[in-house]
Every structure is written in structure tokens, then in C-alpha cells.
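Student: Test case, fold it:
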Amino acid sequence: MLRKHVIPPGSSGLPSGRGGGTAGLDIPSLATVLVTSESSEHPVDHLFDGRNGPGGTRWVASTEGEQTLVLVFDVPQTIREVAVEAEEPVASRTQVTTLAVSKDGGQSYQEVVRQEFNFSAPGTTFEREVWNVPAAGMTNLRVTVQPDKGGRSSSRATLTSLSLH
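Tutor: Got it, this is the predicted structure:
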């Protein structure tokens, strides 16, 4: 069962009283997931359900604009890779995904990856990236998703999967 909390946009990702997927680490048993927004049809739980790839289940924000996911680990973790998948079957847009890590319980973050996913339906609708991010003692992992770099559409942030190795 995924432990999660919906947090206000712009929140630090620091729940009170806490320090600190699929193929790879079992995220639901290792962390609490904080998310700024999720639609009832596409909750954040879908990121960790193992139904990946084109046509897989996915998380979709319930509101427009930049969204944040924070994994707050129960105990510090050593992470070597982060894999993300995103699918946009309808709109043409550029989604910017940023990955940042914390080793001090979410007091500070170091950005380690910033990636643009270019969707151009009906041709390019699916992106998968695997990032090497060797980090020992990681207490928090923050993923920020800007749904449309150009800000031209009413797109919502979305990811199909998030896995850690």
C-alpha cells in the first residue's frame, strides 16, 4: 500500500515528524510519496504499479502547471539509477522533468538531472529515460514536472512510471 500525502504546490516536501517501484526498489515499502496534485482517475499510485510502457497506467495531475513529487525515505538509501517514463498520446508539447536529491531530510536539494520530453502526437508520444545518479545516503528524491515548457497549452503534468535501482 502506497503511503502518500497531497501537499500544496511550492511546499518544501518536509512532512512533520519525518526525516528522511516496480522493477528495482520497492518504493511503497521504503518511502512516503508527497504529491502536489493527482487526478482521481490517474493517482500517483500508478507510477509504482508495474504497468509501464506505452499504454500503461500513469499519474496525471488534477491541476495545470508545474507539479512536484517527493519520495521521503524511511531510512537513507543508496540509489544508482532513476528511470522515468512519460506518455502524451494527444497533445504536442515539451514536458520538462527535473530530478533533485537530498541527503539532509529535505532541508536542501541538489539538482542532478533536467530533461525535456518532446511529444508530437501522433508520432512521438512516449519517452523513457534512465539516469545514472549515484547517491549514497539519499533521504529525499524530488521530481518536478513542468507540463509544457512553452506554457501554450492547458496540459497537465504526467508520468507513466518512476523506478529506482
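Student: got a list of what L71 touches?
Tutor: Contact partners of L71, counting by C-beta atoms under 8 Å, 6 or more residues apart in numbering, are I27, A31, T32, V33, L34, N140, L141, R142, L164. From N, CA and C alone the C-beta is placed, and that goes for glycine too.
Student: Let's have those residues in TSV, adding neighbour count, pLDDT and distance to Q115.
Tutor: Below are these laid out as TSV (neighbours: other C-beta atoms under 10 Å; pLDDT from 0 to 100; distance: C-beta to C-beta, whole Å):
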residue	neighbour count	pLDDT	distance to Q115
I27	22	93	20
A31	27	96	22
T32	18	96	25
V33	23	96	20
L34	25	96	21
N140	28	97	19
L141	28	97	15
R142	21	98	14
L164	24	95	16
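Student: For these, work out which two are farthest apart.
Tutor: Within these, two members stand farthest from each other by C-beta to C-beta: L34 and L164, at 15.8 Å.
Student: So which of the contacts of L71 is the closest to G123?
Tutor: The nearest member of these to G123, counting by C-beta to C-beta, is L164 at 30.1 Å.
Student: Brilliant, that's me finished.
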